[in-house]
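Chemist: here's a sequence, model it:
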Amino acid sequence: MCGVWTARFLNSFWQYLLDMAKIYKYSLIFFLLLPLITSFGCYPVLKKEVERPEEALSRIRFFYPKFHDDLDYASLAQAIKSNLEYLYRLDPQYIFYYGPRKFTCLQVRESQEAFLELISRNPDSGELNEQIRRHFLVYRAAGRVGNNKVLFTGYYEPVYEGRLEPDDTFKYPIYKKPDDLIKIDLSLFRDEYAGKSIIARIEGREVLPYFSRKQIEADNALADRDLEIAWLKDPLDVAFLHIQGSGRLKLSDESTISVGYQASNGRPYRSIGRYLLDRGLLSREEISMQSIRRYLSENPETLEEVLNHNPSYVFFGLMENGPFGNIDVPLTPGRSVALDSRIFPKGALCFISTEKPVIDSNLEITGWTKFSRFVLNQDTGGAIKGSGRADIFWGSDQHAELAAGHMKQEGDLYILIKKPTK
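Modeler: Have a look, this model is predicted:
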């Protein structure tokens, strides 16, 4: 049976061999190296979903990725500075888990300040890679069960028409967090529940799950409680606002208000895209945010059934200068990502390698191209669970909507932190 260190080593080494195979077209080199990996007596691919921070990351010791950033350093510096605002709010001794290793908030702060200083020198590729290898620890995400890759999707800040009072057109509300929604820390009851909590409501002497989407939208469970923030004209706008987690509402006088995630009902997130796929209503090749909206708009008789397949429900709050992520700092287009906050350190400096769409002047996707860049873990999401999922924030324009709606590409995710001083 493999030891923990051996398994982590093999994860890195096995991926290197696979990459070499692609480069050398399964040449003699690969076949000479292959017995070395099999001689350890185990296969490094994940057999079950990662559930603990210690399992989510493994340190890269031999075969580093090539660090190249397809964006300008200015946007990266902006994202890091926003990130530091979050870190400065925390106790310097607050502990973050980077896989099996613990780092204090002070160490994370100093690490990102050092990286900020590094990119301020506008280093070329050679210097950047040399400095990272010399001064930083690099951890790789365990990825998905079966292939060790991360599935990258995208999200954006939509803009919808809305009203502050309902009428015959604008009659689909978005709600603020209800007073009777409570979060119960289960670790107070048993040590085995450490880090776990539930969302609930209290009715009489009973603790119950909070209302589902169907109870809220179809059964009007929250009606007449003065919880409405605004009303939209299309239930699909409401549903996609829930999925994106934030957005702007354009009012009748052309002014806008920003709304952002405040809480959820604690129910599990179930993908409506997956539901349409499983029902054979959309194919895997055509599935996207745009195709889902188009299908539901053209088949309104299925709308309630499909939307209520997802019992999760999001409550919003009014925001200024948003959108904000789960660490309460503004998201930076192309630089902010959402990861599973249960297993990845919030505010971590990350490096990703995957594919992005090539979009022409007519806002048509003409192909996909490989890219890599540094990003910050500044958000999370109901659908972003496990070590094999990441969501990239693309911004708020039409390009962002198109990229976010179609992206479902595999790639690699790394997390960096400065080596501790001895």
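Chemist: for stretch 260-272, list every residue counted as buried.
Modeler: Across stretch 260-272, burial judged by 16 or more other Cβ atoms under 10 Å covers G260, Y261, Q262, A263, S264, N265, G266, R267, Y269, S271, I272. (C-beta placed from N, C-alpha, C; glycine too.)
Chemist: list the ones among those residues that fall in strands.
Modeler: Those of these mapping onto strands are G260, Y261, Q262, A263, S264, per DSSP state E.
Chemist: what is the nearest of the buried residues of stretch 260-272 to L416?
Modeler: Proximity of these to L416 (Cβ to Cβ) peaks at Y261, which lies at 27.0 Å.
Chemist: sorry, back to before: adding pLDDT and distance to F103, write the buried residues of stretch 260-272 out as JSON lines.
Modeler: Shown next, in JSON lines, are the buried residues of stretch 260-272 (pLDDT from 0 to 100; distance: Cβ to Cβ, whole Å):
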{"residue": "G260", "pLDDT": "91", "distance to F103": "29"}
{"residue": "Y261", "pLDDT": "91", "distance to F103": "27"}
{"residue": "Q262", "pLDDT": "92", "distance to F103": "30"}
{"residue": "A263", "pLDDT": "93", "distance to F103": "29"}
{"residue": "S264", "pLDDT": "94", "distance to F103": "29"}
{"residue": "N265", "pLDDT": "96", "distance to F103": "34"}
{"residue": "G266", "pLDDT": "94", "distance to F103": "30"}
{"residue": "R267", "pLDDT": "95", "distance to F103": "33"}
{"residue": "Y269", "pLDDT": "92", "distance to F103": "30"}
{"residue": "S271", "pLDDT": "92", "distance to F103": "34"}
{"residue": "I272", "pLDDT": "94", "distance to F103": "38"}
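Chemist: can you tell me which of these is closest to Y313?
Modeler: Nearest member of the buried residues of stretch 260-272 to Y313, counting by Cβ to Cβ, is N265, at 4.4 Å.
Chemist: what sits against the residue lying closest to S271 once chain neighbours are set aside?
Modeler: Nearest residue to S271, sequence neighbours excluded (Cβ to Cβ, 6 or more residues apart in numbering): A383, at 6.2 Å. Applying Cβ atoms under 8 Å, 6 or more residues apart in numbering, we find A383 in contact with T153, I243, Y269, S271, R389, D391.
Chemist: tell me which two in these are the farthest apart.
Modeler: The two members of the contacts of A383 with the most space between them (Cβ to Cβ) are I243 and R389, at 14.3 Å.
Chemist: quick one: the strands in the stretch 301-422 of the chain?
Modeler: In the stretch 301-422 of the chain, the segments counted as strands under DSSP state E, counting those that start in this stretch are 314-319, 336-338, 349-359, 365-379, 389-393, 408-418.
Chemist: just those: most buried one?
Modeler: Burial of the strands of the stretch 301-422 of the chain is given as mean neighbour count (mean count of other Cβ atoms under 10 Å); strand 336-338 ranks first at a mean of 27.
Chemist: contacts only, for N299.
Modeler: L281.
Chemist: for V375, same thing?
Modeler: For V375, the contacting residues are A79, G334, R335, S336, V337, C350, F351, I352, I392, by Cβ under 8 Å, 6+ apart.
Chemist: 10 Å instead?
Modeler: 69, 71, 76, 79, 332, 334-337, 339, 348-352, 390, 392-393, 413 (Cβ atoms under 10 Å, 6 or more residues apart in numbering).
Chemist: G195 too?
Modeler: G195 sits in contact with R52, P53, D185, L186, S187, R342, where contact means Cβ under 10 Å, 6+ apart.
Chemist: 7 Å instead, please
Modeler: The contact partners of G195, by Cβ atoms under 7 Å, 6 or more residues apart in numbering, come to S187.
Chemist: also F136?
Modeler: F136 touches L416, I417, K418, K419, counting by Cβ under 7 Å, 6+ apart.
Chemist: so what's it bridging to?
Modeler: K418 (DSSP bridges).
Chemist: likewise for A200?
Modeler: Bridge pairing for A200 - DSSP bridges - gives I182, P209.
Chemist: any idea how far it is from I365?
Modeler: 43 Å (Cβ to Cβ, to the nearest Å).
Chemist: so for the residue nearest to V150 when sequence neighbours are not counted, what's the pLDDT?
Modeler: Spatial nearest neighbour of V150, chain neighbours left out: L413 (4.5 Å); criterion: Cβ to Cβ, 6+ apart. pLDDT recorded at L413 is 98.
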